[in-house]
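> just to be clear, the model below is a prediction. Sequence and coordinates:
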Amino acid sequence: AAVSSDGQGSYSTRVSQTTNTVPGPPTDLTISPPLGSCDELVITWTAPFITGGLPVNYKLFLNENYKDSHTVSSNHIYIHYLSANTEYTVTAVAVNELGEGGNVTGTGRTRPEAPSVSLSVPSSTQLHIMLTAPNGSSSLNYKCNITEIYMPPITVTGTELEYTVDGLSPNVTYIVECTSSNGEDSCDSNMDTIII
C-alpha cells in the first residue's frame, strides 16, 4: 500500500496472468481389434499431462493420411470399414483452440477372416482337410476342430493349408470347423461336414 503524509493510501492489486499453450501429447495409446470384427480397430489413449489450460480434443490420423482424420472429445474411438488382416498406423494428436499439440503414434492389426474349408476322404479311416487362405493372406496360423457326436474333438493346428487326419471311424459324420490367427483369432469360422 502507498503511504503519504495524510495517512495510508489505497492498496494495489497484483494480477497474475496465465499463458495458455497448445497441449502436450496423449499417452498410453492402445490399438486393438474388437472380438468378432475383421474390419474395426478400437483406439484408446490417456489425456495429456499438459492441457495448455484449455479444453482438449483429439485428432486421429490413420496411416498418416491427413484426409482420413477423426476428431473426438473422448479418449477412445472405433474406426470402421477397414481391411481384414491389415496393419494400420494410428497417430493421436491433442488439440485445443490454439492449435495442434503433441502426438503419439502406434500400430495395430485387424483380425483375419477364416479360411474356406474343403474336405475329402482318402480312405475309410482318413479325412483330408484343404484350406484356402482368406483373401490371399499369408503368414497365418490355422486351427481346425474335427468333431462327431461320440468322440472328443480332434484339433489340428499349423501354418499349412492341407492336413490329413488318421484313425477315424468309418460310416460316421464329421464336422470340421476352422479358424485363422495372426496373433488375434479370426473374426469368424468356416465349417464343412462329411461322412467317412
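Thanks, I have the structure now.

> from Thr91, how far out is the nearest residue to Ala133 once chain neighbours are set aside?
Among residues not flanking Ala133 along the chain, Pro115 sits closest, at 5.8 Å (Cβ to Cβ, 6 or more residues apart in numbering). For glycine as for every other residue, the C-beta is placed from the backbone atoms N, C-alpha and C. As judged by Cβ to Cβ, to the nearest Å, Pro115 and Thr91 stand 33 Å apart.

> the nearest residue to Leu140 once chain neighbours are set aside: what's it in contact with?
Counting by Cβ to Cβ, 6+ apart, Ser180 is the residue found nearest to Leu140 once chain neighbours are left out, at 4.5 Å. Contact partners of Ser180, counting by Cβ atoms under 8 Å, 6 or more residues apart in numbering, are Pro112, Glu113, Ala114, Pro115, Ala133, Pro134, Ser137, Leu140, Asn141, Tyr142, Lys143, Ser186.

> if we use 10 Å, what do you get?
Applying Cβ atoms under 10 Å, 6 or more residues apart in numbering, we find Ser180 in contact with 84-85, 111-115, 131, 133-134, 137, 140-143, 159, 186-190.

> what subset of those residues is buried?
Buried positions within the contacts of Ser180, assessed by neighbour count (16 or more other Cβ atoms under 10 Å), are 84-85, 111-115, 131, 133-134, 140-143, 186-190.

> from these, which ones fall inside strands?
Leu131, Asn141, Tyr142, Lys143, Asn190 (DSSP state E).

> which residue sits closest to the third one in space, ignoring its chain neighbours?
Spelled out, that is Tyr142. Counting by Cβ to Cβ, 6+ apart, Ser180 is the residue found nearest to Tyr142 once chain neighbours are left out, at 5.5 Å.

> tell me the SS of that neighbour?
Secondary structure, DSSP: H, G, I helix; E, B strand; the rest coil: Ser180 is strand.

> any idea of the pLDDT on it?
At Ser180, the predicted lDDT confidence score is 96.

> and for the one 10 residues further on?
Note on Asn190: pLDDT of 95.

> give the pairing partners of whichever strand or helix holds Thr105; include direction for each.
Thr105 belongs to strand 99-109 when elements are defined using DSSP states H and E. Note on strand 99-109: by DSSP bridges, its sheet partners are strand 87-96 (antiparallel).

> figure out how far the partner strand is from the centre of its chain.
14 Å (Cα atoms, centre = their mean, to the nearest Å).

> give the rounded mean pLDDT of it.
The average pLDDT for strand 87-96 rounds to 94.

> if I follow the layout properly, the residue nearest to Ala133 ends up in contact with Asp192?
No: between Pro115 and Asp192 there is no contact under Cβ atoms under 10 Å: 11.1 Å.

> what about stretch 110-124, start to end distance?
Start-to-end span of stretch 110-124 (Cα to Cα, to the nearest Å) is 40 Å.
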